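**Q** Sequence and predicted model, in that order:
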Amino acid sequence: MTQPRRHRRSRRKRQGNFAFLYRLLTFVMICGAIVAALSLFFKADQIFVTGTSRYSQQQVLQASGIRQGGNLFLLNKHQAAAAITDQLPYVESVRIRRQLPNALRIEITECTHPLALEQDGALWLLNGNGKLIDKLQPGQGESCPLVTGLTLTSPQLGQLAVPENQDKWDLLQQLWRLLRGKDMAGDVQSIDLTDTGRITLRYLDRFDVVLKSDDDLDYRLNYLAAVIQRLDGSDQGTIQWDKDGKARFIPG
């Protein structure tokens, strides 16, 4: 009786092994069929690049490593987007979207309002993320707001700026982010950070706006916009806030 039982157990074990191998082979074949189908039918036959006026579609594709006709699902979108921002300095952000069955859309956000900082005989331009996007001769970046009172450590083109004073840098980043978000950045001519306790903002080329480093900058900028609306179009002078938080306009 013992031998037949052993034989049956051995036979069931072999059948179980064959069943497992069969299921594994079936799974591999299904996966292979799916990959083959994706490779065959979902190709980037059409590629659309939007949001850039500085770079051509060919430049964007060359930087991304994306090729027309490449497989949509095998594309590493994050890697391609990072390559674009690394190689094309004026690009701030990239979004890549698949449009099935055969299209790819690359949406680019360019730096529209860079800041300028003069140092060591050069004019450095910074985008909203703090990356150094261009190096010009002094006087070439006249349309960019000039930042004074801040020094960078060993600035390098294409790299994030490294400030000597982190508190000033954080203050500048916060202020510029708010100005851009309120569509006020294009009206700024300069930002003076020389005094660590305050910021002097040249605005509309008519006003020197004095802000304290511990101010609620969001509130102050909204207040500033309201004050300027009440002033005459020819008014010039200084706008600052008193200890009670009320805005004062000093003609001059």
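**A** Cool, got the structure.

**Q** CA only for contacts and neighbour counts going forward, please
**A** Fine.

**Q** Then S234 would be within a strand, right?
**A** No - assignment of S234 by DSSP: H, G, I helix; E, B strand; the rest coil gives coil, placing it outside any strand.

**Q** Burial check on it, number of neighbours?
**A** For S234, the number of neighbouring residues by other C-alpha atoms under 10 Å comes to 6.

**Q** for K77, same thing?
**A** Using other C-alpha under 10 Å: K77 sits among 19 other residues.

**Q** Test for you: state the pLDDT assigned to it.
**A** pLDDT for K77: 93.

**Q** Setting aside sequence neighbours, what's the nearest residue to it?
**A** I96 (6.2 Å; C-alpha to C-alpha, 6 or more residues apart in numbering).

**Q** Which residues does stretch 63-79 contact?
**A** The contact list for stretch 63-79 (C-alpha atoms under 8 Å, 6 or more residues apart in numbering) reads 38-39, 42-47, 61, 80-84, 87-88, 96, 98, 102, 104.

**Q** Helix, strand or coil: sort out L25 for me.
**A** helix.

**Q** wait, I meant D195
**A** At D195 the chain is in coil, as set by three-state DSSP.

**Q** mind checking which helix or strand the residue nearest to K77 is in?
**A** Using DSSP states H and E, I96 maps to strand 91-99.

**Q** Enumerate the positions of that strand that are buried.
**A** Buried residues in strand 91-99, defined by neighbour count with 16 or more other C-alpha atoms under 10 Å: V91, E92, V94, I96, R98.

**Q** Can I get these in CSV including distance to L157 and pLDDT?
**A** As requested, those are exported to CSV (distance: C-alpha to C-alpha, whole Å; pLDDT from 0 to 100):
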residue, distance to L157, pLDDT
V91, 14, 94
E92, 14, 92
V94, 20, 96
I96, 25, 95
R98, 32, 91
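
**Q** so, if you compare those, which one comes nearest to Q236?
**A** Proximity of these to Q236 (C-alpha to C-alpha) peaks at E92, which lies at 34.7 Å.

**Q** give the contact list for the closest one.
**A** T85, I108, T109, E110, C111, N127, G128, N129.

**Q** Can you tell me the number of residues neighbouring the last one?
**A** By the measure other C-alpha under 10 Å, the count of residues near N129 is 14.

**Q** Helices of the stretch 51-200 of the chain, residue ranges please.
**A** 57-64, 77-87, 166-181 (DSSP state H, counting those that start in this stretch).

**Q** of all the ones you listed, which lies closest to I239?
**A** Using C-alpha to C-alpha, the nearest of the helices of the stretch 51-200 of the chain to I239 is helix 166-181, at 16.6 Å.

**Q** that older thread, mind listing the strands the strand holding I96 pairs with, and their directions?
**A** strand 103-110 (antiparallel) (DSSP bridges).

**Q** buried ones in the partner strand?
**A** A103, L104, R105, I106, E107, I108, E110.

**Q** Find the residue closest to S64 in space, skipping its chain neighbours.
**A** A80 (4.6 Å).

**Q** That neighbour: neighbour count?
**A** Residues near A80, counting by other C-alpha under 10 Å: 21.

**Q** per-residue confidence at it?
**A** 96.

**Q** I figured D218 was touching L178, is that so?
**A** Yes - between D218 and L178 there is a contact under C-alpha atoms under 8 Å: 6.6 Å.

**Q** Just the buried ones from the contacts of stretch 63-79?
**A** 38-39, 42-44, 47, 61, 80-81, 83-84, 88, 96, 98, 102, 104.

**Q** which of those residues sit farthest apart?
**A** Greatest spacing in these, by C-alpha to C-alpha: L38 and L88 (30.8 Å).
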